Every structure is written in structure tokens, then in C-alpha cells.
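>>> dropping a prediction and its sequence here:
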Amino acid sequence: GAVVSQHPSRVICKSGTSVKIECRSLDFQATTMFWYRQFPKQSLMLMATSNEGSKATYEQGVEKDKFLINHASLTLSTLTVTSAHPEDSSFYICSASGGNTGELFFGEGSRLTVL
Amino acid sequence: GENVEQHPSTLSVQEGDSAVIKCTYSDSASNYFPWYKQELGKGPQLIIDIRSNVGEKKDQRIAVTLNKTAKHFSLHITETQPEDSAVYFCAASNPGNQFYFGTGTSLTVIP
């Protein structure tokens, strides 16, 4: 199956700093990428949908100035958590849709810990 | 919009037994139904999927069935093994490429 690579897998940062997470589709062109946040033992919470070359669409309650999403190419989307605080600590997962069949594939996830 | 419900939320089976997870959806326009397996600390992995023009699909010990009339689909795992223990998510997708997820089922296979 298609491969979506997410980096870094784990990141620890100090409160007030910004953190960037990258999501790459390695063997297909992803017309749409999605970013999720997942709390322990809970389902995936969609944060935003990004289409290549256009602004991301954020879900209700998600601060777009806090979680900056860039989808500059058909293989790369980035999520930047700006001025991170301890409450932003979570598991962030990206997914990419595209290719010939429109299937959805997930990255490995990024565990963010803000001290 | 679409609403996907998934049951049960937790499931324990003895090794070798079968496990069944059920999902319902509300939007008749949904036409693609993937299932994902998520192990602890990892991203979800696509394990099987079915499209609306098919009623059943099987891949070794895993099968998925779809009833479009009743708007429900199920994941069947036979001859379960301890490595099948994980959280499983169902999803429904429409032609607009929007994906809606169930709340997950935590499967435990007891050796």
C-alpha cells in the first residue's frame, strides 16, 4: 500500500516555542491531506483539511493561528504548532488521500510533549 | 452530514475465536468504507476496505461485509491471534473525499 511518512515521531519542546511536523506522501500525489489530534484512548479528532495550493479548512474550535498548516506541494504538508503550551501536548497524525483509488493512508503519528 | 457509529467499544476474545466489529452510517452517498488497525503509539494502518458496489471482501483472516440497504458494515477477524490486539476504526467516505470515523474498538485477544 501507499506510504505516508510523518516526522518527527517524537518531539519535546519548551513552552512558548514553535514545533513543525512534516507529512509526506512517498509514492503518490496527495491532493488532500488531513491533520488529526488524538487523545489517549480516544478516536481521531479532525483538525483541518488541506488541499495542495490552497488554504487549509479548519474544523470548528481549532485555532488556525495556533495550528498553521501549509500544503505547498502534492507530497508535503506541514503542521506548525505555534507558541506551544503544555495543553498542546498530544498525538498528532496526518493522513493523505490521492492516487488512483482515493484511499486514505495515515502517517506514523507525532507525539508532542510541551514542558 | 455523515454519522458513523461503531460497536462494541471494547471486545475481548480467546485466541483462535472470531471477532466481529460493526459500524453503521447515515449518509447514503457514502461509497467507500475502510477499516484501520491502530497499535499503541502508532498511526492507523489500512487493513481492508470495501466499496459500495461490493457486498463482501475477504483477505486471509479478515473480511468485511456491507449492507447498503441497512447502511451497516462489519469487520470479521477469524482465528484471532494475540498480535490482532489493537484499536480498530471504521470509516465512511463520500465522493467528496470526506472521511468520517467511528469511535474505535479496542480488541484484546487473550492467549
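Structure received.

>>> would you indicate which residues of the helix or strand containing residue A:12 are buried?
Assessed by DSSP states H and E, residue A:12 sits inside strand A:10-13. Under the neighbour-count criterion of 16 or more other Cβ atoms under 10 Å in any protein chain shown, strand A:10-13 has A:11, A:13 buried. Just so you know, the C-beta spots here come from the backbone N, C-alpha and C atoms, and that holds for glycine as well.

>>> list the buried residues of the next helix or strand after that strand.
For strand A:10-13, the following helix or strand on the C-terminal side (DSSP H and E) is strand A:19-25. By 16+ other Cβ under 10 Å, the buried positions in strand A:19-25 come out as A:19, A:21, A:22, A:23, A:24, A:25.

>>> just those now: which is nearest chain B?
When the buried residues of strand A:19-25 are compared for distance to chain B (Cβ to the nearest Cβ), residue A:23 wins out at 10.2 Å.

>>> okay but that closest one is in contact with residue A:3, surely?
No - at 11.4 Å, residue A:23 does not count as touching residue A:3 under the criterion of Cβ atoms under 8 Å.

>>> what about the residue nearest to residue A:86 when sequence neighbours are not counted, how many residues close to it?
Of all residues not flanking residue A:86 in the chain, residue A:114 sits nearest, at 4.9 Å (Cβ to Cβ, 6 or more residues apart in numbering or on different chains). By other Cβ atoms under 10 Å in any protein chain shown, the residues close to residue A:114 number 20.

>>> and residue A:114, how far from residue A:83?
The gap separating residue A:114 from residue A:83 is 10 Å, by Cβ to Cβ, to the nearest Å.

>>> for stretch A:76-86, measure first residue to last.
The stretch stretch A:76-86 measures 27 Å between its terminal residues, going by Cα to Cα, to the nearest Å.

>>> hmm, who's touching it?
Applying Cβ atoms under 8 Å, 6 or more residues apart in numbering or on different chains, the contact partners of stretch A:76-86 are A:13, A:15-25, A:30, A:33, A:35, A:47, A:50, A:65-72, A:88, A:92, A:94, A:96, A:112, A:114-115.
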